[in-house]
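> sequence and computational prediction follow.
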Amino acid sequence: MALGLLCAADARAWEARVPDSSEAPLVAVDKSRQRLVLVSPGTPRDYVCSTGCKPGDKRVRGDLKTPEGVYFMTGKRTSGLDFQEYGGIAYPLDYPNPVDRLRGKTGSGIWLHSRGRPVTPYESHGCVVVDLDDMSILSHRLKTGTPVIIAERLRTGNG
């Protein structure tokens, strides 16, 4: 799997390059476009998503920002969720990861999940949120260990 991370001139926002296809599924989130891309064998699938209601990279607990970096799904939750807030399925991410901790980032509870209502861009408290119908499609491809790349901007393509 080819993955390129391009640092932008502004160190607070970076751009990730993801391939058009991948043998194993990976999720990429473009915060500037409020889009989630599922990259797997074949053509990438693109979905509307919502990220943090405050712009920029998450730094501290409660800042209402979505972190930027490479994360991994640490599990799948299907019970004990407030349906209106989290839908029926949630995938916790390993935020803060070791790199985040070295950079002094704090917080927890960053998930990829749906909602029991339509998704509006830039409304989450830091999670990545997709519509219920889209999560029902995505959930068949996601599992513990699936990489999730979150960037201010994404570039797709193998070139």
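Great, that's in hand.

> break down this protein into its strands, ranges please.
Ranges of strands in the chain, per DSSP state E, are 4-7, 14-18, 26-30, 35-39, 45-50, 69-72, 90-92, 111-113, 128-130, 147-151, 153-156.

> helices or strands up against the lengthiest helix in the chain?
Ranked by residue count, the top helix of the chain under DSSP state H comes out as helix 132-138. Helix 132-138 is packed against strand 45-50, with contacts defined by 3 or more C-beta pairs under 8 Å, 6 or more residues apart in numbering; DSSP states H and E. C-beta coordinates here come from the backbone N, C-alpha and C atoms, glycine included.

> in space, what's closest to Phe83 - neighbours in sequence excluded?
In this structure, Phe83 finds its nearest non-sequential neighbour in Gly116, 4.3 Å apart by C-beta to C-beta, 6 or more residues apart in numbering.

> same question for Arg61.
Using C-beta to C-beta, 6+ apart and skipping the chain neighbours, the partner closest in space to Arg61 is Gly107 (4.0 Å).

> OK, contacts around that neighbour?
Residues counted as contacts of Gly107 (C-beta atoms under 8 Å, 6 or more residues apart in numbering) are Lys58, Val60, Arg61, Gly62, Asp63, Pro67, Tyr95, Pro96, Gly126.

> verify the contact between the residue nearest to Phe83 and Gln84 for me.
Yes: using C-beta atoms under 8 Å as the test, Gly116 is close enough to Gln84 to be in contact (4.1 Å).

> so how many other residues sit close to Pro92?
Close neighbours of Pro92, defined as other C-beta atoms under 10 Å, add up to 20.

> what about it, distance to Asp100?
Separation of Pro92 from Asp100 (C-beta to C-beta, to the nearest Å): 15 Å.

> brilliant, that's me finished.
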